[in-house]
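In: what follows is a predicted structure for the sequence shown.
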Amino acid sequence: MRHSQKKETRKIVDKLLYQYAEYNKAVTEDEKNRIGDEMFYIDPIVWMMYKHEAYLGKKNEIKTVGNLREHCTDHGGICAKRFNFLSTYIKTKYGKDIRDAEIFPDYMPIEDLYDGDILNNIVQEKNFMQDWQRHEFCKQDEKVAKWQNYKY
């Protein structure tokens, strides 16, 4: 069974989608910041599933690998760090570059990436998951500081 098909994974993504809806209803920046700080992506498959489903039908939807690359480049910041971490690991461990549109075409459905063997293997790798979560759950001075400890 693929990681994306597990009930536990579905529950996590559904919680994130609920939080995103609450974020969109929030009136103040403090409210939005609080909700954003509470949204964590326990692994890269959850992150991609959320990005795909949260933005579906919107101008900035992420249906393909090309959309994800564009989001992570144009958006900058935290998604760029997540994508860089993931792509560097895949290139080092598997010899494939998810930034390369000849290997992972722009039109490739994002589900094919997160349901593929590479990502499903990665989320089973203890060292990768420890590093991902060290960045995702980073705190500085008792405050949420997601990926602020990652440099590239």
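Out: Great, that's in hand. A quick note: this is a predicted structure, and the numbers were derived from the prediction, not measured.

In: buried ones in the helix or strand where A21 lies?
Out: Using DSSP states H and E, A21 sits within helix 7-25. Within helix 7-25, the residues scored as buried using 16 or more other CB atoms under 10 Å are T9, I12, V13, L16, Q19, Y20, Y23. Where you see a C-beta, it was placed from the backbone N, CA and C, and this is true even at glycine.

In: swap in stretch 137-145?
Out: Going by 16+ other CB under 10 Å, stretch 137-145 has these buried residues: V144.

In: over to stretch 50-63?
Out: Result for stretch 50-63 [16+ other CB under 10 Å]: buried residues Y50, K51, H52, A54, Y55, E61, I62, K63.

In: following the helix holding A21, which helix or strand comes up?
Out: Counting by DSSP H and E, what follows helix 7-25 is helix 29-38.

In: three-state assignment of the residue nearest the centre of the chain?
Out: Nearest residue to the geometric centre of the chain (CA atoms, centre = their mean): W47, 2.8 Å. Following DSSP: H, G, I helix; E, B strand; the rest coil, the label given to W47 is helix.

In: ramachandran coordinates for K143?
Out: phi -110, psi 150 (degrees, to the nearest 10).

In: before we move on, back to that, now the two most distant members of the buried residues of helix 7-25.
Out: T9 and Y23 (20.9 Å; CB to CB).

In: where along this protein do the helices fall?
Out: 7-25, 29-38, 44-54, 65-74, 77-94, 110-114, 117-122, 126-136 (DSSP state H).

In: do you know the pLDDT at the residue nearest to F128 when sequence neighbours are not counted?
Out: With CB to CB, 6 or more residues apart in numbering as the criterion, F128 has its nearest non-adjacent residue at 5.3 Å, and that residue is I122. We have a pLDDT of 97 for I122.

In: now the one 3 residues further on
Out: Looking at E125, its pLDDT is 97.

In: any idea how far the residue nearest to F128 lies from M49?
Out: Distance from I122 to M49, counting by CB to CB, to the nearest Å: 14 Å.

In: so which of the two has more stuff around it?
Out: When I122 and M49 are compared on other CB atoms under 10 Å, the one with more neighbours turns out to be M49, at 25 against 21.

In: now do stretch 137-152: distance from first to last residue.
Out: Start-to-end span of stretch 137-152 (CA to CA, to the nearest Å) is 18 Å.
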